[in-house]
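>>> I would like to see how this sequence folds:
(chains A and B)
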Number of protein chains: 2
Amino acid sequence: MPLPMKELFDIPEGMIYLDGNSLGPLVKGVSDAVKDAVEAQWGGQLIKGWNSCGWMEQPTRVGNQVASLIGAPDGSVVMGDTLSIKVFQALAAGLALRPERRVILSDNGNFPSDLYMAEGLIDLKGQGYALKVVDPEDVIAAIDDTVAVVMLTEVDYRTGRRHDMVAITNAAQAAGAVMVWDLAHSAGAVDVDLAGSGCEFAVGCTYKYLNGGPGAPAFIYVRPDLAASVTPALSGWLGHKAPFAFDQSYTPAPDIERMRVGTPSVLQLAALERAMVVWEKTSVAEVRAASIALCDLFIAEVEARCPQLTLISPRVGAERGSQVSFAFEHGYPAMQALIDRNVIGDFRAPNVMRFGFTPLFIGREDVIAAVDVLETVLKDRLWDAPHYKTKSRVT
Amino acid sequence: MPLPMKELFDIPEGMIYLDGNSLGPLVKGVSDAVKDAVEAQWGGQLIKGWNSCGWMEQPTRVGNQVASLIGAPDGSVVMGDTLSIKVFQALAAGLALRPERRVILSDNGNFPSDLYMAEGLIDLKGQGYALKVVDPEDVIAAIDDTVAVVMLTEVDYRTGRRHDMVAITNAAQAAGAVMVWDLAHSAGAVDVDLAGSGCEFAVGCTYKYLNGGPGAPAFIYVRPDLAASVTPALSGWLGHKAPFAFDQSYTPAPDIERMRVGTPSVLQLAALERAMVVWEKTSVAEVRAASIALCDLFIAEVEARCPQLTLISPRVGAERGSQVSFAFEHGYPAMQALIDRNVIGDFRAPNVMRFGFTPLFIGREDVIAAVDVLETVLKDRLWDAPHYKTKSRVT
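Just a heads-up that it's a prediction; the model follows:
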């Protein structure tokens, strides 16, 4: 089906939604799928649903769907928990693979929660473990033989800058380090080739470009040759080889299922699983090509018509994810003024106006219309109103 | 409203559901609440839902509702993740409070996942940490000055045996240990007085007696005087003091919110929050009294009519949770035969037939009817059919 496929989504009339990089919109049919999970499955089957409705297999079944979008083979991805939890598991498993090393290396373009989880893990482990955070362009130079794990987010959540996954993975592995990629802003947006990269672990979320809904579960990928031996760290019963044997001690499952922890979020997974149907009608390659074109158009239009804004995303499409960010001193109120006019982007401290382009539901006409509104907001200083300056809890 | 309040639940016609201790049934109105969360909130508000729909406050808002059922004050409970994850956080926080001690003490009546999570934590920490598991009746005697944390599930998932929360907490604290209670089989079923017990931490799930649905989030309680200083261990961004400042390093929130990790499961929380309305019409005290009466009746009827079964639950109501378990050599096929006849209990290895009594929707007539079916299944050896002996993935 040609992009955009607006007819597959329920987006409010008149809204130009440039925030699919934060929370993807509702896919048609998802509400019915969730209703079925609530009424027919939970309500009708009750405890029997674990067997009769396939709830127990859902995390690997949906994991296989996600795998197909990130260049990973069947059986290498499982769903569950939140992204922060999956980051923790990947980091802990990575450290366990390099017991003689003490450094987790990351960059300051990483999403803060990834750094926070590393801090928490290091604090738990003690024994001289440390987190080293460098500028994104200095990562390769900072990899040495003290580094146990390199953990990076492929696409910077603020600027959209995209790391070279193959080059960095190669550098990490050449120095004997384990590579963990966070694909939060990649899965469903850019052409990730996980298997080709050779990285040991990857994690990501599904409420952004995969449109799984607020609170949709995260995923974790383990390179297949490691899946039978890695340490799950968060060793919950559903990662056990035989959860319903109720053994007194933990024996991990012999495969990716060992990365499961507790009871899966059945209702959230029902929403996500149904939302994945959009990928039956297009491909990541088509989406990626369209996204670069939309972002290029947005940059050209904004730079021509909104000189107040300064591009902070890479100008070259291949070096970006699926978003474009501009710095603007009055970025916060300007974004509120845009949102008030039904052009939905978001703001990231200290001064970043962020616009995500999801070609699944955004076309060239939306880009032009969004810049029309942005131009007016800036030219007429519509952002300069007190009610746009009061910050909400979630910015 | 007098118990049972069957009209508040959507339970399939003719089913006697004695497994609310595993997965509570669907509360009327929950499906509409979830539909609203999907369509009006996610679909209609998209990213704005975080502010306009109160999604960000939902974990503490629902946490306060749970708190009111377990004898905990407002602001001491927060929802999120799965029970296994919350166990991990409570254990890690407990160990951090007693850095000079090395032992986690638990019992072999604990739910295995709690023990598994302790194993994983100990493996991460190294440095001589150890898990010591004793028989339930030996816990108090096993508490000595090497024990950093005593971690127990109040109600045994197999036998229903209830620990004396006050006596054990006192013994733990007298020896300088931190107390962690798992209330998985307590919350909404027995009269827990967390504040009165003085324990430092408690955790639990909400898909059992709180009827939150499959995958409903867990909860964690931190004693109010500790909430500003405990180590969250899983230090995700939503436990940060200012998540949307996107600081490079972690500063925990000054209160219970520090135990939050990642993005809350908005759809699951919508289901749970709506399911909590049943507590506006009754109280835990009323439910507890009715539950003891139902369990006593069940024991009397089964012992009079089904001599093949051996009671393994405590005979005294005050020493039990809200379930009754019988050992039977052919327990697995017998339970399948019961389920086939619309009497829903469950089986726990190696030979336990488990029956949960939730007075919210189970009355005396249901108990009698269930024993009628059980008596027939046993007397006529209806369990002795090949198709009842094939084990499902989830038993």
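>>> can you pull the contacts of the residue in the stretch 51-200 of chain A that chain B sits nearest to?
In the stretch 51-200 of chain A, the residue found nearest to chain B is A:Thr82; the distance is 2.7 Å by Cβ to the nearest Cβ. Just so you know, the C-beta spots here come from the backbone N, C-alpha and C atoms, and that holds for glycine as well. Residues counted as contacts of A:Thr82 (Cβ atoms under 8 Å, 6 or more residues apart in numbering or on different chains) are A:205, A:217-218, B:81, B:236, B:261-263.
>>> ok, 6 Å please
A:Thr82 makes contacts with A:218, B:262-263, as judged by Cβ atoms under 6 Å, 6 or more residues apart in numbering or on different chains.
>>> count the neighbours of the residue nearest to it when sequence neighbours are not counted for me.
Here the nearest residue to A:Thr82 in space, its sequence neighbours aside, is B:Gly262; by Cβ to Cβ, 6 or more residues apart in numbering or on different chains that works out to 2.7 Å. Per other Cβ atoms under 10 Å in any protein chain shown, the neighbour tally for B:Gly262 reads 26.
>>> how much space separates the residue of the stretch 51-200 of chain A closest to chain B from A:Gly321?
The gap separating A:Thr82 from A:Gly321 is 21 Å, by Cβ to Cβ, to the nearest Å.
>>> for A:Ser325, which three-state class applies?
strand (DSSP: H, G, I helix; E, B strand; the rest coil).
>>> okay, it: pLDDT?
Looking at A:Ser325, its pLDDT stands at 98.
>>> close to chain B: what parts of the stretch 101-250 of chain A are there?
A:112-113, A:116, A:119-120, A:124-125, A:213-215, A:233-237, A:244-246, A:250 (Cβ under 6 Å from any Cβ of the partner chain).
>>> for the stretch 101-250 of chain A, which segments count as helices?
For the stretch 101-250 of chain A, the helices defined by DSSP state H, counting those that start in this stretch cover A:112-125, A:139-142, A:165-174, A:194-197.
>>> hmm, who's touching the last one?
Put plainly, it is helix A:194-197. By Cβ under 6 Å, 6+ apart, helix A:194-197 touches A:70-72, A:165-166, A:169, A:202, A:221.
>>> okay if I get these as CSV plus neighbour count and pLDDT?
Shown next, in CSV, are those (neighbours: other Cβ atoms under 10 Å in any protein chain shown; pLDDT from 0 to 100):
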residue, neighbour count, pLDDT
A:Ile70, 24, 98
A:Gly71, 17, 98
A:Ala72, 25, 98
A:Met165, 24, 98
A:Val166, 13, 98
A:Thr169, 24, 98
A:Ala202, 29, 99
A:Tyr221, 33, 98
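>>> ok now stretch A:97-109, how far from the chain's centre?
21 Å (Cα atoms, centre = their mean, to the nearest Å).
>>> and the end-to-end length of it?
25 Å (Cα to Cα, to the nearest Å).
>>> in it, what's buried?
A:97-98, A:101-107, A:109 (16 or more other Cβ atoms under 10 Å in any protein chain shown).
>>> okay, those residues in a markdown table with pLDDT and distance to A:Thr60 next?
A markdown table is the format used below for the buried residues of stretch A:97-109 (pLDDT from 0 to 100; distance: Cβ to Cβ, whole Å):
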| residue | pLDDT | distance to A:Thr60 |
| --- | --- | --- |
| A:Leu97 | 98 | 23 |
| A:Arg98 | 98 | 28 |
| A:Arg101 | 98 | 31 |
| A:Arg102 | 98 | 34 |
| A:Val103 | 98 | 33 |
| A:Ile104 | 98 | 28 |
| A:Leu105 | 98 | 31 |
| A:Ser106 | 98 | 29 |
| A:Asp107 | 98 | 32 |
| A:Gly109 | 96 | 32 |
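>>> longest helix in chain A, by residue count?
Longest helix in chain A, counting residues (DSSP state H): helix A:284-305.
>>> make JSON lines out of the contacts of A:Thr82 and add pLDDT and distance to B:Val147.
Converted to JSON lines, the contacts of A:Thr82 look like this (pLDDT from 0 to 100; distance: Cβ to Cβ, whole Å):
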{"residue": "A:Ala218", "pLDDT": "98", "distance to B:Val147": "35"}
{"residue": "B:Gly262", "pLDDT": "98", "distance to B:Val147": "31"}
{"residue": "B:Thr263", "pLDDT": "97", "distance to B:Val147": "36"}
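>>> wait, which of the residues you listed is closest to B:Val394?
For those, the closest approach to B:Val394 (Cβ to Cβ) belongs to A:Ala218, at 22.8 Å.
>>> identify the residues contacting the closest one.
Per Cβ under 6 Å, 6+ apart, neighbours of A:Ala218: A:81-83, A:86, A:205.
>>> most neighbours, which of those residues?
Ranked by neighbours (other Cβ under 10 Å), the contacts of A:Ala218 are led by A:Asp81, which has 32 neighbours.
>>> do you know the pLDDT at that residue?
98.
>>> for it, give its distance to B:Leu91.
For A:Asp81, the distance to B:Leu91 - Cβ to Cβ - is 17 Å.
>>> again, but for A:Gly24
To B:Leu91, A:Gly24 is 35 Å away according to Cβ to Cβ.
>>> more neighbours, these two?
A:Gly24 (30 against 27).
>>> please name the nearest non-neighbouring residue to A:Gly75.
In space, A:Gly75 is closest to A:Ile256, 5.9 Å off (Cβ to Cβ, 6+ apart).
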